[in-house]
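**Q** I would like the atomic coordinates for the input below:
(one chain, ligands or ions: 2)
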Amino acid sequence: MDQNCIFCKIITGKIPSKKIYEDEDFLVILDVNPASKGHALILPKEHYANLYELPEDLAAKTMLLAKKMAEHMTKKLSCDGFNLIQNNGEVAGQTVFHFHLHLIPRYQDAENDDLLRWDTLEFTGEELTAMVKLLV
Ligand code: 5GP
Ligand code: ZN
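**A** Numbers count the residues shown, from 1 in each chain. Ligands and ions are numbered 1, 2, ... in the order given. As a prediction, this is how the structure comes out:
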């Protein structure tokens, strides 16, 4: 529990939220500023700032729950696709520093269909080879 964390306050009930699922490790709530109909967040009940801090067992459980929620929500909402998004660090768009995974149902006829489109970069063959060398 982090006294200054808004998601910890939601988890302890100090701040209200629209809860759609709960178990011993997680809460799933609707996002207060949804990118689509049904946009929700998986929150571990323990405070971890980001993916780097999240223990491996909870990381694994997060993905299992994401699969379960995506299947459940797709059935209930009749959405046409689904994004899982997880931001780490301010530069990556993280605004709440309590690990969370976005569950974003997608709809064929949505007004904001370019939700996740980004400009692409180009790299030379040598640069890509150097990248592989660095990362393998
Ligand atoms: P991030 O940008 O850190 O990946 O995502 C944070 C998300 O938390 C945002 O989509 C934002 O709308 C949502 N959020 C921030 N404060 C609250 C809150 O008090 N309640 C709920 N339900 N969502 C919140
Ligand atoms: Zn927290």
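
**Q** Span of stretch 28-40 from start to end?
**A** By Cα to Cα, to the nearest Å, the extent of stretch 28-40 from end to end equals 7 Å.

**Q** That one and ligand 1 in contact?
**A** Yes. Residues of stretch 28-40 contacting ligand 1 under Cβ under 6 Å from any ligand atom: 29-33. Just so you know, the C-beta spots here come from the backbone N, C-alpha and C atoms, and that holds for glycine as well.

**Q** and this protein, which of its residues are near ligand 1?
**A** 6, 15, 17, 29-33, 87, 93-96.

**Q** The residue nearest in space to the middle of the chain pairs with what?
**A** Nearest to the geometric centre of the chain sits Leu101, at 2.0 Å (Cα atoms, centre = their mean). Here Leu101 shows beta-bridge partners Ile42, assigned using DSSP bridges.

**Q** Next, work out how far apart it and Met1 are.
**A** 20 Å (Cβ to Cβ, to the nearest Å).

**Q** Mind giving me the packing neighbours of whichever helix in the chain runs longest?
**A** Looking across the chain with DSSP state H, the single longest helix is helix 56-77. Judged by 3 or more Cβ pairs under 8 Å, 6 or more residues apart in numbering; DSSP states H and E, helix 56-77 is in contact with strand 26-30, strand 40-44, strand 81-85, strand 101-106.

**Q** and those as TSV, adding distance to ligand 2?
**A** Output for these, formatted as TSV (distance: least, Cβ to the ion, whole Å):
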stretch	distance to ligand 2
strand 26-30	11
strand 40-44	8
strand 81-85	18
strand 101-106	14
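
**Q** Filter the residues of stretch 28-40 next to ligand 1 down to just the buried residues.
**A** Among the residues of stretch 28-40 next to ligand 1, those classed as buried by 16 or more other Cβ atoms under 10 Å are 29, 31.
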